[in-house]
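Engineer: coords please:
(4 chains)
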2 protein chains.
Amino acid sequence: MLKKIGIPQETARRLSLYLRSLRRLGQQGVDLASSEEITGFLNISPAQFRKDLSYFGGFGKRGVGYEVKVLRKEIEKILGTDVIWKIVLVGVGKLGSALLGYRGFVEFNLQIVVAFDNDPGKIGKIWEGIKIEDISKAKKIIKKNKIKIAILSVPAQAAKELSKELVSYGVKAILNFAPINLVLPKNIFVSNVDMASELESLVYKLKRS
Amino acid sequence: MLKKIGIPQETARRLSLYLRSLRRLGQQGVDLASSEEITGFLNISPAQFRKDLSYFGGFGKRGVGYEVKVLRKEIEKILGTDVIWKIVLVGVGKLGSALLGYRGFVEFNLQIVVAFDNDPGKIGKIWEGIKIEDISKAKKIIKKNKIKIAILSVPAQAAKELSKELVSYGVKAILNFAPINLVLPKNIFVSNVDMASELESLVYKLKRS
DNA sequence: ACGTGTGAACCGATTCACAGCA
DNA sequence: TGCTGTGAATCGGTTCACACGT
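Structural biologist: Modelled structure (predicted):
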């Protein structure tokens, strides 16, 4: 319930990148690595890496570096990927079904356990090993499984209302793909993936480069 | 060629949100709106809105507000959405095909003109009105059409190499969906969409809330 | 000697608060 | 009067540089 303060927002995102780098080094058989080697693949400075870790403790050996395996486990613990997180996906349109099959979630122990839609043609089907349920069953299923995280991939006009419903069922965090601002209580975490806006920023940079 | 300095990175992203808000107000028949009304839908303060606009000029009337239509056109001009930008999509997998059909790009005058893949089963097909070409034709097509922007939705192991190729053909900006850091010249703009890492950050926040 | 860990300096961006103008 | 436009203050985060421990 208490919120530790003083840790930058971006640190969490970077930690997940460090994790990828450490896994890669581990696969290459590297046991010991310096901050320079770990950030070598990434676009992040060694100093930033050390600073980020310093918020959580000292995991390295001065004059030596970091034990790849140990640090990997520590970061997994910090991020919470040491246990499986169940998530639901709402909206099995084109994007939604692509996400159902997305392999990248596994590496962070994220598991889509069920998907919801309102299209009778989809309900009852199993796609990518995941059952598609009627959205009307969301309340029961989310409550029963104590799901805390939802991926929202529905059209913009439906997103606002649906997000409120999901929250009322116990969802605390939403990864939102609808290009609209969700209005939710402050204790609910929302992360927006806005692909059009992202591309647009690139256009803008191109234009003035 | 000259780069105007002093404009925050985030300002461009917010401008695209303002644009959406202005379109919405326009559709509702609103002619005049204050910074407070324009940002009402968004999660952005009126002061931030005014500050962002101030980098480009004074578009409002003191004591009154902004003309919705006029401001919309001004922002479109700033962002570059006043003309059509041709883009290519590389990698027509699940995610790639979902992006081919994504409607959100149109609002920013972004047009996917061709897609590339290396799967013979897909090459030559037309999906969502977009022709899928052999990746080996990318050089010719990109050069001929002077394409500057690419969406990269291929597996991580292919992304690094492909991104370099695209750049050698003249691509200057990449929207990258592969969970890997692309190593490219500094004058190339890359925007990463890392859905797994995004979700992971939500887990982290949940854990320590 | 070497690379970590970290306080301090720095930098960029947001917020504040009010002057300026319709 | 009301809302914009904007310097100034503030805030948060990154970078620097070096003390520290092995």
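
Engineer: So in chain A, which helix runs the longest?
Structural biologist: helix A:9-27 (DSSP state H).

Engineer: chain center to that helix, what's the gap?
Structural biologist: Computed by CA atoms, centre = their mean, to the nearest Å, the chain-centroid distance of helix A:9-27 equals 13 Å.

Engineer: Are it and DNA strand C in contact anywhere?
Structural biologist: No - Helix A:9-27 is not in contact with DNA strand C by CB under 7 Å from any atom of the strand; minimum separation 11.5 Å. (C-beta placed from N, C-alpha, C; glycine too.)

Engineer: counting contacts, what elements does that helix pack onto?
Structural biologist: helix A:35-38, helix A:46-54, helix A:68-79, helix B:195-207 (3 or more CB pairs under 8 Å, 6 or more residues apart in numbering or on different chains; DSSP states H and E).

Engineer: go again using 10 Å as the cut-off
Structural biologist: With contacts taken as 3 or more CB pairs under 10 Å, 6 or more residues apart in numbering or on different chains; DSSP states H and E, helix A:9-27 sits against strand A:32-33, helix A:35-38, helix A:46-54, strand A:66-67, helix A:68-79, helix B:195-207.

Engineer: Span of stretch A:81-94 from start to end?
Structural biologist: One end of stretch A:81-94 sits 28 Å from the other (CA to CA, to the nearest Å).

Engineer: Check stretch A:48-64 too.
Structural biologist: The straight-line separation of the ends of stretch A:48-64 (CA to CA) is 18 Å.

Engineer: cool, stretch A:60-74 as well?
Structural biologist: Distance across stretch A:60-74, first residue to last, is 11 Å (CA to CA).

Engineer: Can you point out the buried residues in it?
Structural biologist: Residues A:60, A:65, A:66, A:67, A:68, A:71, A:72, A:74 are the ones in stretch A:60-74 that count as buried (16 or more other CB atoms under 10 Å in any protein chain shown).

Engineer: Now do the buried residues in the longest helix of chain A.
Structural biologist: A:11-22, A:25.

Engineer: Single out the residue in chain A that lies closest to DNA strand D.
Structural biologist: Distances between chain A and DNA strand D by CB to the nearest atom of the strand are smallest at residue A:63, namely 2.8 Å.

Engineer: how would you label that residue: helix, strand or coil?
Structural biologist: Following DSSP: H, G, I helix; E, B strand; the rest coil, residue A:63 is assigned to coil.

Engineer: Got the domain ranges for chain A?
Structural biologist: Here the domain parsing of chain A from automatic domain parsing is A:9-79, A:85-197.

Engineer: Next, format those as JSON lines and append mean pLDDT.
Structural biologist: Conversion of those to JSON lines gives the following (pLDDT from 0 to 100):
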{"stretch": "domain A:9-79", "mean pLDDT": "97"}
{"stretch": "domain A:85-197", "mean pLDDT": "97"}
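
Engineer: want to throw the helices and strands packed on helix A:9-27 into TSV with distance to residue B:180?
Structural biologist: Formatted as TSV, the helices and strands packed on helix A:9-27 follow (distance: least, CB to CB, whole Å):
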stretch	distance to residue B:180
strand A:32-33	18
helix A:35-38	15
helix A:46-54	18
strand A:66-67	21
helix A:68-79	18
helix B:195-207	11
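
Engineer: which one of the ones you listed lies closest to residue A:153?
Structural biologist: Of all the helices and strands packed on helix A:9-27, the one in closest proximity to residue A:153, counting by CB to CB, is helix B:195-207 (10.5 Å).

Engineer: Name the residues of stretch A:26-36 that come out as buried.
Structural biologist: So for stretch A:26-36, counting by 16+ other CB under 10 Å, buried means A:33, A:34, A:35.

Engineer: Quick check: the gap between the first one and residue A:19.
Structural biologist: From residue A:33 across to residue A:19, the span is 13 Å (CB to CB, to the nearest Å).

Engineer: which residues are common contacts for these two?
Structural biologist: Common neighbours of residue A:33 and residue A:19 (criterion: CB atoms under 10 Å, 6 or more residues apart in numbering or on different chains): residue A:71.

Engineer: Let me see the contact set for residue A:202.
Structural biologist: Applying CB under 10 Å, 6+ apart, the residues contacting residue A:202 are B:12, B:80, B:85, B:87, B:110, B:148-151, B:172-175, B:189-191.

Engineer: In helices, which of the residues you listed fall?
Structural biologist: residue B:12.

Engineer: which two in the contacts of residue A:202 are spaced the farthest apart?
Structural biologist: B:12 and B:150 (18.8 Å).

Engineer: residue at max distance from the center of chain A?
Structural biologist: residue A:63 (34.0 Å; CA atoms, centre = their mean).

Engineer: and the gap between that residue and residue A:36?
Structural biologist: Counting by CB to CB, the gap from residue A:63 to residue A:36 is 14 Å.

Engineer: got it, and residue A:87?
Structural biologist: Residue A:87 is 35 Å from residue A:36, by CB to CB.

Engineer: Ok, residue A:130 next?
Structural biologist: For residue A:130 relative to residue A:36 (CB to CB), the value is 41 Å.

Engineer: How about residue A:58?
Structural biologist: For residue A:58, the distance to residue A:36 (CB to CB) stands at 17 Å.

Engineer: ditto for residue A:51
Structural biologist: 14 Å.

Engineer: If the nearest residue to residue A:145 once chain neighbours are set aside is in a bridge, with which residues?
Structural biologist: The shortest distance from residue A:145 to any non-neighbouring residue, by CB to CB, 6 or more residues apart in numbering or on different chains, is to residue A:86 (6.0 Å). Beta-bridge pairing for residue A:86 (DSSP bridges): residue A:111.

Engineer: quick one: residue A:86 and residue A:148 touch, right?
Structural biologist: Yes - Residue A:86 lies in contact with residue A:148 (CB atoms under 10 Å); the separation is 8.0 Å.

Engineer: more crowded one of those two?
Structural biologist: residue A:148 (19 against 15; other CB atoms under 10 Å in any protein chain shown).

Engineer: Contact partners for the residue in chain A that DNA strand C sits nearest to?
Structural biologist: Residue of chain A nearest DNA strand C, by CB to the nearest atom of the strand: residue A:63 (2.4 Å). Counting by CB under 10 Å, 6+ apart, residue A:63 touches residue A:34.

Engineer: and chain A, which of its residues are near DNA strand C?
Structural biologist: Counting by CB under 7 Å from any atom of the strand, chain A sits next to DNA strand C at A:34-36, A:46-47, A:50-51, A:53-54, A:58-66.

Engineer: Compare the helices and strands packed on helix A:9-27 and give me the one nearest residue A:203.
Structural biologist: Proximity to residue A:203, assessed across those by CB to CB, is greatest for helix B:195-207 (21.9 Å).
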